[in-house]
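Participant: Provided below are the primary sequence and the corresponding predicted coordinates.
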Amino acid sequence: METEDIERTLASGGFRLTGPRRTLVEVMQGLGDHFVADEVVEASPKVGRATVFRTLRLLQDVGIVCQVVLDDGTAAYRLASGGHHHHLVCSECGAVSDFASGDIEGLLDDIARRTGYRVDAHRLEVYGVCPACRAREIIAS
């Protein structure tokens, strides 16, 4: 996600891209596919730890950052690719890919109807082996 898009998204929610937030966004853009909060803290020594965590929460709330639970239980983050989506996580190399599925949304609607729950949110991570790691396994065997 480009900085201008992030600035627009924040503004539409009534927030500004302050100097510290801009620094953190630039750090996150440079950290790659996914990162943990402590990596953001370490990469931005002039920004306080509490500001990093508050900013991660804000960016998550407005849909700029999404949280991914890796197969070892670690909570990681990544810049969102837009729209509601879920994650495929490679158990070998840790790569994370986004996917969307109307089937899952339909299933949640069905669950809500059958149980009487109002579903407010959900998160889905699917763990497996990515195509690149599978290809390496085939070559090695």
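Facilitator: Sure, I can see it.
Participant: Poorly predicted segments of the chain, please.
Facilitator: For the chain, no stretch is flagged by pLDDT under 70.
Participant: can you do 80?
Facilitator: Along the chain, segments meeting pLDDT under 80 span 1, 81-84, 102.
Participant: Show me the domain layout of it.
Facilitator: 1-82, 84-141 (automatic domain parsing).
Participant: Please report the distance of the residue nearest the centre of the chain from Leu59.
Facilitator: Of all residues in the chain, the one closest to the mean position by Cα atoms, centre = their mean is Cys66, 2.5 Å from it. For Cys66, the distance to Leu59 equals 9 Å [Cβ to Cβ, to the nearest Å]. (Each C-beta comes from the backbone N, C-alpha and C, glycine too.)
Participant: Gly83 too?
Facilitator: 16 Å.
Participant: for Gly116, same thing?
Facilitator: For Gly116 relative to Leu59 (Cβ to Cβ), the value is 33 Å.
Participant: before we move on, back to that, higher neighbour count, Gly83 and Leu59?
Facilitator: Neighbour totals were compared for Gly83 and Leu59, and Leu59 leads with 24 against 8 (other Cβ atoms under 10 Å).
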